[in-house]
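# sequence and computational prediction follow.
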Amino acid sequence: MPENQRRVYPPAGDGEVTQASSENGVIRRRDFIRTGASGLAGAALAAAGCNRVSENQNARPLGNLRSATPAELQGLVGDGRRRRILLRGGVVLTLDARLGDFEKADILIDGKTIAEIAPNISTSDAEIVDCSGTIVMPGFVTTHHHMYETLQRSMIPDGLLQGAWPQESYNSVVQNIWTAGRIADPQNPSSFVWDLGRSPYDPEDCYISELVACLSEISEGITTGVDTSQSSHTPEHTDAMIKGIMDSGRRMVYAYTGGIDRSAQGIPYEFPGAMNDTSKGIGRIAKTYFSSKDQLVTLGFGGGPGPAAPGSDYTGWQLARAFGGSLHNHNVGGSAVVINAAADPRNGADWSDVTFIHCTRWQDQPIAQISYGSHGYPKENRSKAWEIWRDRGAHVSIANLIEMQMRHGMPPFQEALDHGILPSLSPDVDTNMTTDPFSLMRGAFCLQRALANDLAFPESNPGGLPLPQLLTSRQVIEMATIAGAASTRLLDKIGTLVPGKEADIIVLDARSINTWPINNVPGTIVTMLNPRHVRDVLIAGKVVFWKGKLVGWNVDALLGQIEQARDRVLARINGPAKAGSLPAGNNSMTNPYRPNFLGSCCEKGQNTSAPAYVLRP
């Protein structure tokens, strides 16, 4: 490898990065911190080589995802000037009941808003985009993603949620080793068998993970997301994540969530902040980054309905609301949390600003099978938590692929639907699963129908439960758009295509050898398409993805940056520790530690009661 391309790993423990050449594009931590709130974007992108592309940037292949050159953009990406764009002649799925959908129509965009939707719009001052053979629809909205983990993609594809090291699980690998930098003694959780004395992530590692995650999801047609980061180890980590999101140009909710508190070791920690305090925590970031509601990135909070911090006389929900933040809480099997939250008058009765993520296993008593209403087997299906959730107007985010794969419990589509709640969809973690919204929709569609359809057969339905209604393709699309917009408190701006709303629009190329001809539009989207069919993406009227290419980013440099970040974090994990040494895992037996690259990552230790499969060809 040429000298100016070789990787130079940082010394473990102090977070500094030593470079052999500036062409490496690694951001030195001291330079990163010195840029401050206003200067990070320019400094980071210049260092990373992620600035606007040159005419010959696409000289070498980058796979399916490339960067659009200025010559390819037809003047659609400008300097913020007021501009009008006409999307002409596509199938238009507005998802608005009053306006309806169109077999063929035009959409006129004026600046950042939708001006008109109708067939054959006449205009003389708009830039025309031919959308024949496409489906034009609202951008997808997902409501829960731990984006700092992007550099850990497919780290534990076979892993479960829970399990103590040496079992390799999400908890032990992603959260303990890669995030916290320590492993507790299973026999004595207050002591650690291995402790780096710091998180392996530096702020710049969080920054590039957040940036790549946002750009990746833009390329998949997800125009809006929620980052439930869980990596606010220091104020600098928090700032870096917010800046990565903002630099991406994507519409987002940053759900401020805690990290690893190492304040006892002299490392600054400010989560969650305090009421009437704009010097630290949520108050600081609200004042610094979220002073306006009319911006692409808005404030959310991960604090729960209990005390905001040990000893506080106000809840996490009260703290978020005091600074204008929406609420995004995880809940796996925690129906008592809902019931207790409702009993506390400090949390109020209007929960329309609250989204609970997962919401699995909320039934009042064990049930093997459920149908609609209270039909269940062997007992009635009752849930006080679901009734509270319905009555107080709260939202539900279901990470269906992850919940099935990682053992959170059965994704609760039927429970949500039975209580009149249209849930939103979320990808959760790249460590285990794709963020692809078509996979999320297809997974939701097939899972609800599989469970309901199985009740049609007496041998599968000993309790004789009646069959629930089956989800339709259109309802699943509404989960991925309307429900997501409502969950993020953005339904007045996005989620449907209506004149006056902001132009968060995706153009899907349906004239393809594997999708054409179209016979049913919602069915084509849910059962046929994949991210390769995302042609164009607009956010607030700005073209950010054009003809299958990211606009304004050097994709090759981004890929190099996130690989370097992964290598830096891994080098710190294998560096000197403050206490102990990292013991070998059940599957990743290498020393120094590395993910299991070619084999199954995590199956040993997951199940000690059933025999291993012996398969014949």
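Thanks, I have it.
# so where's the stretch 51-200 of the chain shaky on pLDDT?
The stretch 51-200 of the chain contains residues with pLDDT under 70 at 51-66, 74-82.
# end to end on stretch 525-540, go ahead and measure it.
End-to-end distance of stretch 525-540 (Cα to Cα, to the nearest Å): 23 Å.
# in that stretch, what's buried?
The neighbour-count check on stretch 525-540 (16 or more other Cβ atoms under 10 Å) flags 525-529, 531, 533-540 as buried. Where you see a C-beta, it was placed from the backbone N, CA and C, and this is true even at glycine.
# now stretch 409-416
Within stretch 409-416, the residues that qualify as buried are 409, 411-416, counting by 16+ other Cβ under 10 Å.
# check the offset of that stretch from the chain's centre.
Distance of stretch 409-416 from the chain centroid (Cα atoms, centre = their mean, to the nearest Å) equals 20 Å.
# pull that stretch out as CSV, backbone CA atoms only.
Extracted C-alpha coordinates of stretch 409-416, given in CSV (Å, rounded to 0.1, in the frame of the first residue of the first chain):
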residue,chain,number,x,y,z
GLY,A,409,-40.8,-10.2,21.4
MET,A,410,-43.3,-10.4,18.6
PRO,A,411,-43.7,-7.0,16.8
PRO,A,412,-47.0,-5.7,18.2
PHE,A,413,-48.7,-4.8,14.9
GLN,A,414,-51.9,-6.5,15.8
GLU,A,415,-52.1,-4.9,19.3
ALA,A,416,-51.5,-1.5,17.8
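# tell me which residues are up against it.
With Cβ atoms under 8 Å, 6 or more residues apart in numbering as the test, stretch 409-416 has contacts from 332-333, 358-363, 370-372, 381, 383, 386, 396, 398-400, 403-404, 422-423, 444, 447-448, 451-452, 468, 471.
# run the last query once more with 6 Å
Applying Cβ atoms under 6 Å, 6 or more residues apart in numbering, the set of residues contacting stretch 409-416 from outside is 359-361, 370, 386, 396, 398, 400, 403, 423, 448.
# just the ones of those residues in helices?
Under the assignment DSSP state H, the contacts of stretch 409-416 contribute 386, 400, 403, 448 to helices.
# where does the chain dip in pLDDT?
When residues are selected by pLDDT under 70, those of the chain lie in 1-66, 74-82.
# give me phi/psi at the residue positioned nearest the centre of the chain?
By Cα atoms, centre = their mean, the chain has its centre lying nearest to residue 145, at 2.5 Å. Dihedral pair for residue 145: phi -160, psi 130, per degrees, to the nearest 10.
# list the contacts of residue 395.
Applying Cβ under 6 Å, 6+ apart, we find residue 395 in contact with 355, 487.
# offset the numbering so it begins at 403, please.
I'll keep to 403 as the first residue from here, and by that count the last item is residue 797.
# nearest residue to residue 789 in space, please, no chain neighbours.
Nearest residue to residue 789 in three dimensions, chain neighbours excluded: residue 821, at 7.0 Å (Cβ to Cβ, 6 or more residues apart in numbering).
# and the one you found, how many neighbours?
18 (other Cβ atoms under 10 Å).
# what does the one 3 residues further on give?
Applying other Cβ under 10 Å, we find 17 other residues in the vicinity of residue 824.
# count of neighbours near residue 872?
Number of residues near residue 872 (other Cβ under 10 Å) recorded here: 11.
# I misspoke; the intended subject was residue 1007.
Quick note: residue 1007 (other Cβ under 10 Å) scores 18 neighbours.
# try the one 3 residues further on
When neighbours are defined as other Cβ under 10 Å, residue 1010 has 7 of them.
# and for residue 784?
Other residues within reach of residue 784, judged by other Cβ under 10 Å, total 13.
# give me the three-state assignment for the residue nearest to it when sequence neighbours are not counted.
Once flanking residues are discounted, residue 784 sits nearest to residue 766: 4.7 Å by Cβ to Cβ, 6+ apart. Put simply, residue 766 is coil when judged by DSSP: H, G, I helix; E, B strand; the rest coil.
# just checking, residue 766 touches residue 782?
No. At 8.9 Å, residue 766 does not count as touching residue 782 under the criterion of Cβ atoms under 6 Å.
# residue 552 contacts residue 614, doesn't it?
Yes. Counting by Cβ under 6 Å, residue 552 touches residue 614, with 5.3 Å between them.
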